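Student: mind looking at a prediction? Sequence and model below.
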Amino acid sequence: MAIAADIVMAAADAALAILLYVIFRPVAPVLALAAMVFRLIQSVMIAMNLMHMQSALLLITGAPGLATPGANAMALHALNLHAHGYDLGLLFFAINSLLTGVLIWVSGLFPRIIGAGIAATGIVYLVGSSLRFFAPLLFDAFTPPMV
């Protein structure tokens, strides 16, 4: 069920990336294109990263040929890879959020407070996801603001 939900989310996110590009292209074409590209990269990375979750599921449900004494440890490792892959996708989402926040701010199409909030969210995701890779001991302490 979680895998299906993430597939739907990735597809919806890709559609949203295109919609936001169409909305903001008249305001700042290059910035709108960059925001769309970063959001599409994030969508693809999160969708492809579901292979790690599927791998864990196959390992713990005893798919033929995978039922080994170390299957649980391998499944846990696959889930750890999924978490890292998800955060890698969130780095691209963070950049998209910063760009989208700027687009909202300068466009005048939406209240500026929304743009500021989305840009602030981008900063939180950028810091949090970067910690996963560059300062993993600090990651758990920073996780609550990301939720």
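Tutor: Happy to help now that I have it. Note that the structure is a prediction, hence the values are computed from the model and not measured.

Student: how many neighbours does Gln42 have?
Tutor: By other C-beta atoms under 10 Å, 26 other residues sit near Gln42. Just so you know, the C-beta spots here come from the backbone N, C-alpha and C atoms, and that holds for glycine as well.

Student: residues contacting it?
Tutor: Asp13, Gly89, Leu90, Phe92, Phe93, Asn96 (C-beta atoms under 8 Å, 6 or more residues apart in numbering).

Student: mind doing that once more with 6 Å?
Tutor: Gln42 is in contact with Gly89, Phe92, Phe93, counting by C-beta atoms under 6 Å, 6 or more residues apart in numbering.

Student: okay, and the residue nearest in space to the middle of the chain sits in which element?
Tutor: Nearest to the geometric centre of the chain sits Leu90, at 3.4 Å (C-alpha atoms, centre = their mean). For Leu90, the host element (DSSP states H and E) is helix 71-107.

Student: got the buried residues for that helix?
Tutor: Buried positions in helix 71-107, judged by neighbour count with 16 or more other C-beta atoms under 10 Å: 71, 74-75, 78-79, 81-82, 84-105, 107.

Student: so what touches the helix or strand following that helix?
Tutor: Downstream of helix 71-107, the next assigned helix or strand under DSSP H and E is helix 112-134. For helix 112-134, the external contacting residues (C-beta under 6 Å, 6+ apart) are 87, 90-91, 93-94, 97-98, 100-101, 104-105, 138-139, 142, 145-146.

Student: from these, which has minimum pLDDT?
Tutor: Ranked by pLDDT, those bottom out at Met146 (59).

Student: just to revisit the earlier point, closest one to Pro111 out of the contacts of helix 112-134, please.
Tutor: Ile104 (8.2 Å; C-beta to C-beta).

Student: for the residue lying farthest from the centre of the chain, give its distance to Leu59.
Tutor: Most distant residue from the mean C-alpha position of the chain: Pro69, 33.0 Å away (C-alpha atoms, centre = their mean). Distance check for Pro69 against Leu59: by C-beta to C-beta, to the nearest Å, it reads 12 Å.

Student: what's the spacing between Leu33 and Ile60?
Tutor: 42 Å.

Student: more crowded one of these two?
Tutor: Using other C-beta under 10 Å as the criterion, Leu33 and Ile60 rank with Ile60 on top: 17 against 14.
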